[in-house]
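Enquirer: Here is a sequence with its predicted model. Questions after.
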Amino acid sequence: MLNLRNISRVVVIGGGTAGWFSALTLRRLFAPNVEVRVIESPDIGIVGVGEGGLLNLIDALRRNGIGLKEFVRETGAAFKLGFCYEGWRTGDDDDRYYHLFGRPGLQEIDWMEAGFHPLLSGMVHEGIELHRYIPGFASIAINASQQQAAAMLQLGESSGLSASFHFDSHKLADYLRRVAVSRGVVHQQARVEELVCDAEGMARAARLEGVEEVVGLDLLIDASGLARLGIGGKLGVRWRSFSDYLLLDRAVPFHMPHPQPNPSLVTRAIAMPAGWMWQIPLMERVGAGYVFSSAHTDEAQVVDEIHRRIGPGIEPMRTLRFEPGHFEQVWVGNVMAIGLASGFVEPLEATSIGQMLEQLRNFERIVAAGDGVVAGHLIDDFNEANARCWSGIRDFLRMHYDCPRRDTAFWRDVAELPLPPSYAELWACFQQRTPRMVDVQAYAINGWQGIFHAINWLFVAAPLGVVPREAAAAELASLPAASRRRVGAYINRMRELGAAGNFSSTQERSA
């Protein structure tokens with residue numbers, strides 16, 4: 001049992017997005033007389049030059065009483081409507097597919113029969129790109145301005161899209177810090193030298209560099225990033241590596257100018273000879289980076305590739321080194337690791353911030369539901385659910401590399417990697433039918449919410465051929481004749497229109 005009812009101080013080690021979101025959550029969770037203190041090293045910078053959220057970023061902002069207009073104004077955030085994958089199949093200039101933040105309200109999503117979406121299966125069978133059903137895709141295609149994108153999103157359901165944001169990690173951390181301090185969070189700049197634990201392994205204090213008196217604490221949130229001072233450093237929890245399934249382990253970040261007049265409305269993931277390049281459009285510039293496998297290239301060659309692709313004026317930043325995986329337990333006693341301090345896979349699909357916010361949401365849910373008294377089995381359930389969620393992330397990302405590219409040693413070796421057993425089972429199912437909710441719901445257990453749903457899996461699996469066209473045809477054949485006729489009429493009209501346009505409409509939902 002963990003009793004947090006009569007605590008006097010909670011310490012968060014580390015700032016950044018994870019640390020300050022943690023501080024805001026803790027400030028709401030505990031009474032005003034409980035001190036919430038963030039100890040942030042002045043010597044350790046924030047990882048990343050640009051970041052993009054998933055849809056749970058919007059929920060986290062609302063939960064913490066942060067208005068979206070203020071958030072955009074203070075951080076210079078730009079709309080993010082999904083991801084664009086470039087060169088992951090043929091490597092040609094026109095090789096693109098999209099994983100967009102679709103929303104309910106259109107017939108393609110709202111009509112579900114026999115556990116799948118017949119209209120989407122019809123598109124897969126006919127080889128029609130899935131993003132074509134989304135009216136709001138037109139804004140992405142024309143490189144719409146932020147004002148135009150906002151107007152499109154105001155259409156609500158008829159846009160077919162939900163939005164998150166691209167943002168500058170430094171600006172976001174600075175903004176969250178100002179909000180947290182204004183709400184009574186104590187900010188202390190110092191480097192933590194050591195965590196002091198009692199005989200039972202409970203954290204009791206933090207010893208700071210150059211400070212004689214230790215900082216006592218009753219609860220510790222480890223947001224120390226890749227330093228991993230708590231769960232990994234002090235407590236020595238075992239690491240669960242994903243390196244057998246995912247090869248990337250280095251990243252060279254940099255800034256670059258916008259390649260288009262307006263910031264792109266999607267994160268670009270561009271296949272490269274030994275990995276891929278992210279481009280996250282911010283308002284003033286693009287935050288970018290080349291994430292690569294150190295077994296297939298080195299930093300000098302990566303920088304050369306960046307210069308050849310983007311331009312010789314690009315100044316690379318410090319190389320980030322990581323091993324894909326996570327700690328088997330991230331909540332031990334009165335210590336919980338959050339964000340990078342708990343695990344990291346790679347930047348693909350913005351899973352790091354998505355997982356961090358889901359960790360925080362569930363920590364708050366469990367502590368609040370128990371009125372500050374947490375049974376040991378609930379902490380075990382939290383750790384089990386966290387690990388299961390990471391497994392879902394691993395499998396989803398592994399599917400992205402089930403692509404046809406074989407033109408370099410990296411892409412050939414990726415094709416030969418073993419599949420995680422859980423994904424191997426899904427892969428076999430997807431050869432027969434499209435992804436379904438029953439396939440992925442086991443990745444979210446014990447009250448956790450899934451980060452990626454069946455539609456997300458389909459948006460990636462179909463363009464890569466993981467779901468063959470014949471598999472979609474097979475499940476369509478099982479439908480009643482009236483449903484098959486409806487699918488046929490839909491496909492015929494889509495062919496006539498040639499694109500999403502105004503194709504989807506509320507009038508057709510019950511056609």
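Expert: In hand now; what should we look at?
Enquirer: Report pLDDT for the closest residue to residue 320 other than its chain neighbours.
Expert: Spatial nearest neighbour of residue 320, chain neighbours left out: residue 251 (4.5 Å); criterion: Cβ to Cβ, 6 or more residues apart in numbering. Yep, even glycine has a C-beta here, placed from its N, CA and C like the rest. Residue 251 carries a pLDDT value of 97.
Enquirer: Residue 251 should be in a helix, yeah?
Expert: No: counting by DSSP: H, G, I helix; E, B strand; the rest coil, residue 251 is not part of a helix but strand.
Enquirer: Skipping adjacent residues, who's closest to residue 346 in space?
Expert: That would be residue 248: by Cβ to Cβ, 6+ apart, it lies 4.8 Å from residue 346.
Enquirer: Could you do residue 325 as well?
Expert: residue 241 (4.1 Å).
Enquirer: And for residue 195?
Expert: residue 234 (4.4 Å).
Enquirer: Over to residue 332?
Expert: Going by Cβ to Cβ, 6+ apart, residue 332 has residue 235 as its nearest residue, at 5.6 Å.
Enquirer: That neighbour: what's it in contact with?
Expert: 197, 201, 332, 335 (Cβ atoms under 8 Å, 6 or more residues apart in numbering).
Enquirer: Same check on residue 247?
Expert: Shown in contact with residue 247 (Cβ under 8 Å, 6+ apart): 293, 295, 296, 410, 413, 414, 417.
Enquirer: count of neighbours near the first one?
Expert: Here the count is done by other Cβ atoms under 10 Å, and residue 293 has 17 residues near it.
Enquirer: what distance separates the host helix or strand of residue 280 from the middle of the whole chain?
Expert: In this structure, residue 280 sits in strand 275-281 according to DSSP states H and E. Strand 275-281 has its C-alpha centroid displaced from the chain centroid by 14 Å (Cα atoms, centre = their mean, to the nearest Å).
Enquirer: Backbone dihedrals for residue 194, please?
Expert: phi -160, psi 150 (degrees, to the nearest 10).
Enquirer: In this model residue 211 seems to touch it, though I could be wrong.
Expert: No: using Cβ atoms under 8 Å, residue 194 is not in contact with residue 211, being 11.6 Å away.
Enquirer: returning to that earlier point: for the strand holding residue 280, give the mean pLDDT please.
Expert: pLDDT averaged over strand 275-281 gives 97.
Enquirer: residues making contact with the helix or strand following it?
Expert: With elements assigned by DSSP H and E, the helix or strand that comes after strand 275-281 is strand 286-292. For strand 286-292, the external contacting residues (Cβ under 8 Å, 6+ apart) are 48-51, 166, 168-169, 248, 250-259, 263, 272, 274-280, 302, 305-306, 310, 346-348, 410.
Enquirer: ditto for stretch 132-144
Expert: Taking Cβ under 8 Å, 6+ apart as the rule, stretch 132-144 contacts 81, 84, 98, 100, 102, 106, 108, 119-120, 123, 131, 148-149, 152-153, 155, 158-161, 260-262, 264-266, 494, 499-504.
Enquirer: In the sheet, which strands lie alongside the helix or strand hosting residue 204, parallel or antiparallel?
Expert: Element membership for residue 204 (DSSP H and E) is strand 203-208. Applying DSSP bridges to the sheet, strand 203-208 is found paired with strand 192-197 (antiparallel), strand 215-216 (antiparallel).
Enquirer: Spell out the secondary structure type for the nearest residue to residue 406 once chain neighbours are set aside.
Expert: Closest residue to residue 406 apart from its sequence neighbours, by Cβ to Cβ, 6+ apart: residue 412 at 5.2 Å. Here residue 412 takes the helix state, with states given by three-state DSSP.
Enquirer: ok, the contacts of residue 235 vs residue 447, which is closest?
Expert: Using Cβ to Cβ, residue 332 is the member of the contacts of residue 235 that lies nearest residue 447, at 19.4 Å.
Enquirer: How many neighbouring residues does the closest one have?
Expert: Residue 332 has 20 neighbouring residues, counting by other Cβ under 10 Å.
Enquirer: next one: residue 427
Expert: 18.
Enquirer: In terms of pLDDT, where does it sit?
Expert: Confidence score, pLDDT, at residue 427: 98.
Enquirer: for the protein, what's the longest helix?
Expert: Identified as the longest helix of the chain according to DSSP state H is helix 376-400.
Enquirer: Now do the buried residues in that one.
Expert: By neighbour count with 16 or more other Cβ atoms under 10 Å, helix 376-400 contains the buried residues 378-379, 381-400.
Enquirer: ok, back up a step: show the buried residues in the contacts of residue 247.
Expert: So, by 16+ other Cβ under 10 Å, the buried ones in those are 293, 296, 410, 414.
Enquirer: from these, which two are the most distant?
Expert: Counting by Cβ to Cβ, the most remote pair of these is 296 and 414, 9.5 Å apart.
Enquirer: My guess is residue 86 contacts residue 267. True?
Expert: No: Residue 86 lies out of contact with residue 267 (Cβ under 8 Å); the separation is 10.9 Å.
Enquirer: Among those two, which residue is more densely surrounded?
Expert: Neighbours of residue 86 and residue 267, each counted by other Cβ under 10 Å, are more numerous for residue 267; the result is 26 against 19.
Enquirer: Quick check: that one vs residue 358, distance?
Expert: Per Cβ to Cβ, to the nearest Å, residue 267 is found 19 Å from residue 358.
Enquirer: what residue ranges in the protein score low on pLDDT?
Expert: In the predicted model, the chain carries pLDDT under 70 at residues 44-49, 499-511.
Enquirer: Before I go, just wanted to say thanks for your time.
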